[in-house]
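Undergrad: sequence isn't available, so here's the structure alone:
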Ligand SMILES: Nc1ncnc2c1ncn2[C@@H]1O[C@H](COP(=O)(O)OP(=O)(O)OP(=O)(O)O)[C@@H](O)[C@H]1O
């Protein structure tokens with residue numbers, strides 16, 4: 001009898017299929033990076049047959065019985081993929097854009113104009129349904145529109161990008177930029193790319209854009225191409241204006257550095273410079289037409305040189321020549337510090353910035369970073385600023401905050417943009433859901449010891465069959481706090497046999513490490529020298545380790561959104577075979593339902609037999625719902641018992657920190673160790689006291705008084 005299987009009886013673990021065995025994320029890129037291609041094909045088929053557009057079976061089923069996603073927006077229905085829109089637009093003769101909104105369809109729109117209806121009706125739009133909208137505007141005085149009609153009025157059906165060649169042939173992007181994109185070797189644009197690139201590169205006025213698209217779906221390329229192209233055009237039309245024209249803000253240094261590396265591949269030879277904001281840099285006014293310039297050393301350097309430069313003391317960096325950068329990539333705090341470097345009451349402004357990109361926008365506008373992000377947003381003082389907010393999860397509160405900030409910034413500025421433009425929202429796939437191309441395993445481990453046992457089984461391939469989970473390195477392990485990550489790392493350090501590389505194969509990464517240490521670990525994990533990386537939510541978002549085979553949530557995530565991001569570190573760009581293992585204990589039961597819901601929806605999106613699903617209905621029914629306040633509390637602090645400061649054995653009542661400790665040692669072994677430590681300490685104290693009173697037994701070690 002497998003004890004571990006007993007522990008996990010609350011989930012149905014399906015046998016590992018030979019297909020996922022042979023096809024792992026680490027074996028290379030997927031033939032097709034799109035996630036919703038099956039549904040798309042189905043729809044294409046049904047439109048071609050001249051029938052009314054229908055959702056794929058899997059998605060239809062979702063509509064019937066998808067459980068409420070009790071977080072984020074009020075809309076609980078799956079949105080059709082953006083390619084559905086593409087089908088409608090491409091196949092205009094058979095299915096008009098208006099037909100595409102079937103009467104019984106009240107799901108979330110793909111591309112939605114977020115402005116007030118009156119505003120939409122007076123603005124000219126260049127989309128295919130513009131004529132219909134104009135007709136509608138005549139009926140402005142008509143009785144108030146129903147919710148459904150309002151939704152319909154807001155929906156847009158822009159043309160999709162069919163292939164990357166169109167970037168040059170149709171959207172006329174810089175030829176050098178087009179070459180750089182081609183050199184990346186991508187063949188098919190992902191859904192988010194085919195949806196957003198035409199919106200941002202098209203002839204109509206560039207919109208402010210909110211994008212919600214799955215993890216690993218290529219959002220970085222989607223925002224970098226338009227930003228770079230805009231700067232190339234700007235250089236042509238304003239050859240004398242130099243300075244920071246675009247800002248990209250990301251929540252962590254690791255993500256910011258990754259964006260710079262991606263950007264460098266795209267800007268090569270275009271004359272555009274992209275720079276990572278580093279400690280000690282100053283964004284200052286050079287007195288040249290109010291332009292912001294960046295003091296930095298080597299803006300054309302490669303990633304590794306960049307990292308070396310970062311490790312130089314700030315003093316050395318302060319002496320470097322002033323150069324100009326077009327795109328600055330930064331974390332919020334670093335830029336806020338630089339903008340308020342002269343400690344004046346008001347922050348310096350960034351008068352030339354025309355594009356502000358917020359990657360992982362929902363976390364940037366979360367209370368944790370909100371003040372800093374809004375300060376940066378408002379310091380961009382150009383009236384033609386366009387904002388882009390990108391994430392795999394986006395609460396409706398973020399949409400409201402975006403609308404109000406756009407309005408307030410313009411009011412404060414007292415100027416209007418040179419041309420009217422829209423605020424659009426594009427949703428790819430099912431909003432706020434985990435990607436469907438990975439396997440989720442929700443495992444009940446009862447206690448902390450149970451989790452450690454389970455994890456050890458994953459580390460030993462021979463024992464892996466016992467747990468039905470086969471997770472091959474490289475993979476990530478997430479814990480709730482830094483001390484827990486450190487403790488888990490020291491517990492597992494010697495679990496990897498010396499012949500496989502031993503303790504050097506496993507590392508821990510968190511924000512208490514120095515920048516240099518963090519960069520080294522990231523580099524070694526990417527190079528495959530480190531196989532297992534224990535970390536905190538520092539790496540939960542945005543970071544792209546292309547070929548990692550899985551993610552282990554050693555501690556449950558603080559929210560459903562964090563789950564979506566953590567598990568999205570695997571299954572990037574359509575790769576199949578990734579696994580997400582989440583352990584939970586007795587203490588976690590109150591918090592598991594939202595995660596179980598996410599897994600359930602993801603499995604429904606994937607389709608397949610009901611019996612293959614890991615989340616059974618009885619489990620969902622049995623798990624308790626969490627109150628709003630408890631959810632908030634959980635989001636801020638995580639599971640409280642795990643957050644507790646370390647207690648000494650004497651202080652611990654046995655239910656708190658001790659129960660949550662990451663260790664395989666028994667209480668008896670710990671007590672013995674403690675006693676031994678105490679005895680050594682006491683003997684040391686006795687010796688010190690004796691030495692202080694001059695009564696030293698070891699007289700030979702005392703040289704006596706000097707004459
Ligand atoms: N069209 C494409 N075809 C194949 N791979 C692609 C394509 N576009 C991007 N990629 C690759 O997909 C991976 C994920 O891209 P990216 O990091 O931009 O995802 P993301 O949507 O920002 O994810 P997250 O939400 O986790 O931040 C990268 O390795 C990138 O090189």
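TA: On my side now, so go ahead. In this text the structure is predicted, and so the values were computed from the model without any measurement.

Undergrad: up against the ligand, what does the stretch 1-150 of the chain have?
TA: Selection of the stretch 1-150 of the chain residues close to the ligand by C-beta under 6 Å from any ligand atom yields residue 33. Where C-beta positions appear, they are placed from N, C-alpha and C, glycine not excepted.

Undergrad: closest point of the stretch 1-150 of the chain to the ligand, which residue?
TA: In the stretch 1-150 of the chain, the residue that lies nearest the ligand is residue 33 (3.7 Å; C-beta to the nearest ligand atom).

Undergrad: and the pLDDT at that residue?
TA: As predicted, residue 33 sits at a pLDDT of 84.

Undergrad: where does it land in three-state SS?
TA: coil (DSSP: H, G, I helix; E, B strand; the rest coil).

Undergrad: quick one: the helices in the stretch 401-550 of the chain?
TA: Ranges of helices in the stretch 401-550 of the chain, per DSSP state H, counting those that start in this stretch, are 448-459, 461-467, 482-492, 515-527.

Undergrad: what's the closest of those to the ligand?
TA: helix 515-527 (11.1 Å).

Undergrad: anything in that closest one near the ligand?
TA: No - Helix 515-527 lies apart from the ligand when judged by C-beta under 6 Å from any ligand atom; the minimum separation is 11.1 Å.

Undergrad: Throw the helices of the stretch 401-550 of the chain into a markdown table and include mean neighbour count and mean pLDDT, thanks.
TA: Shown next, in a markdown table, are these (neighbours: other C-beta atoms under 10 Å; pLDDT from 0 to 100):
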| stretch | mean neighbour count | mean pLDDT |
| --- | --- | --- |
| helix 448-459 | 20 | 91 |
| helix 461-467 | 14 | 58 |
| helix 482-492 | 19 | 95 |
| helix 515-527 | 17 | 96 |
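
Undergrad: any chance of CSV for those, columns distance to residue 419?
TA: Putting the helices of the stretch 401-550 of the chain into CSV (distance: least, C-beta to C-beta, whole Å) gives the following:
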stretch, distance to residue 419
helix 448-459, 56
helix 461-467, 60
helix 482-492, 48
helix 515-527, 42
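
Undergrad: please report the distance of the residue of the stretch 1-150 of the chain closest to the ligand from residue 259.
TA: Residue 33 sits 19 Å away from residue 259 when distances are taken as C-beta to C-beta, to the nearest Å.

Undergrad: the more surrounded of those two?
TA: residue 259 (24 against 21; other C-beta atoms under 10 Å).

Undergrad: which SS state does that one fall under?
TA: Residue 259 is classified as helix under three-state DSSP.

Undergrad: I'd like to know how far the nearest residue to it once chain neighbours are set aside sits from residue 222.
TA: Among residues not flanking residue 259 along the chain, residue 329 sits closest, at 5.0 Å (C-beta to C-beta, 6 or more residues apart in numbering). Here residue 329 is placed at a distance of 16 Å from residue 222 (C-beta to C-beta).

Undergrad: okay, now the residue lying closest to residue 214 once chain neighbours are set aside: neighbour count?
TA: In space, and not counting its chain neighbours, residue 214 is closest to residue 435: 4.9 Å by C-beta to C-beta, 6+ apart. Residues lying near residue 435 (other C-beta under 10 Å) number 25.

Undergrad: I'd say residue 435 and residue 213 touch.
TA: No - applying C-beta atoms under 8 Å as the test, residue 435 and residue 213 come out as separate, 10.4 Å apart.
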